[in-house]
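S.K.: My questions are about this predicted structure, shown below with the sequence.
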Amino acid sequence: MRPISLLPNISKWFERIVHERIMKWRERKGIYIDEQSPGRRLQTKILSLCEDLRLTTAACNRPALVIFVDFLSAFDKLWYP
């Protein structure tokens, strides 16, 4: 019988810890620019789009209408012959 290797599990655990520490350090130091959303918690393209729209409409003093449609769920409901 061969022994069970725990190295992949330990390396994944270690990688997760290092990743979290690096991300927290980057947030504290302000290395991210405001427009950068990939890899950041609680930052999505929708939030960036809403913020851009808010700033643009505030500068023009005009209202804006935003409609979000979830097409991903719609494809689950389609009937395929």
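M.R.: Noted; the coordinates are in hand. Numbers count the residues shown, from 1 in each chain.
S.K.: And for residue 62, the neighbour number?
M.R.: 8 (other C-beta atoms under 10 Å). For glycine as for every other residue, the C-beta is placed from the backbone atoms N, C-alpha and C.
S.K.: Now do residue 53: how many residues are near it, please.
M.R.: Neighbours of residue 53 (other C-beta under 10 Å): 13.
S.K.: so who does it touch?
M.R.: By C-beta atoms under 8 Å, 6 or more residues apart in numbering, residue 53 lies in contact with 64, 66.
S.K.: Centre of the chain to the strand or helix carrying it, how far?
M.R.: Taking DSSP states H and E as the criterion, residue 53 maps to helix 45-60. Here helix 45-60 shows a centroid-to-chain-centroid distance of 18 Å under the convention C-alpha atoms, centre = their mean, to the nearest Å.
S.K.: quick one: low-confidence ranges for this protein?
M.R.: 1, 32-43, 73-78, 80-81 (pLDDT under 70).
S.K.: For this protein, which segments count as helices?
M.R.: 7-29, 45-60, 71-76 (DSSP state H).
S.K.: Using CSV, write out every CA atom in the helix holding residue 53.
M.R.: Written as CSV, here are the backbone C-alpha positions of helix 45-60 (Å, rounded to 0.1, in the frame of the first residue of the first chain):
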residue,chain,number,x,y,z
LYS,A,45,-18.6,45.4,-13.1
ILE,A,46,-22.2,46.3,-12.2
LEU,A,47,-21.0,48.4,-9.2
SER,A,48,-18.4,50.1,-11.5
LEU,A,49,-21.0,50.7,-14.2
CYS,A,50,-23.5,52.2,-11.6
GLU,A,51,-20.8,54.5,-10.2
ASP,A,52,-19.8,55.7,-13.6
LEU,A,53,-23.4,56.3,-14.5
ARG,A,54,-24.0,58.2,-11.3
LEU,A,55,-21.0,60.4,-11.8
THR,A,56,-21.9,61.1,-15.4
THR,A,57,-25.6,61.9,-14.7
ALA,A,58,-24.6,64.1,-11.7
ALA,A,59,-22.2,66.1,-13.9
CYS,A,60,-24.9,66.6,-16.6
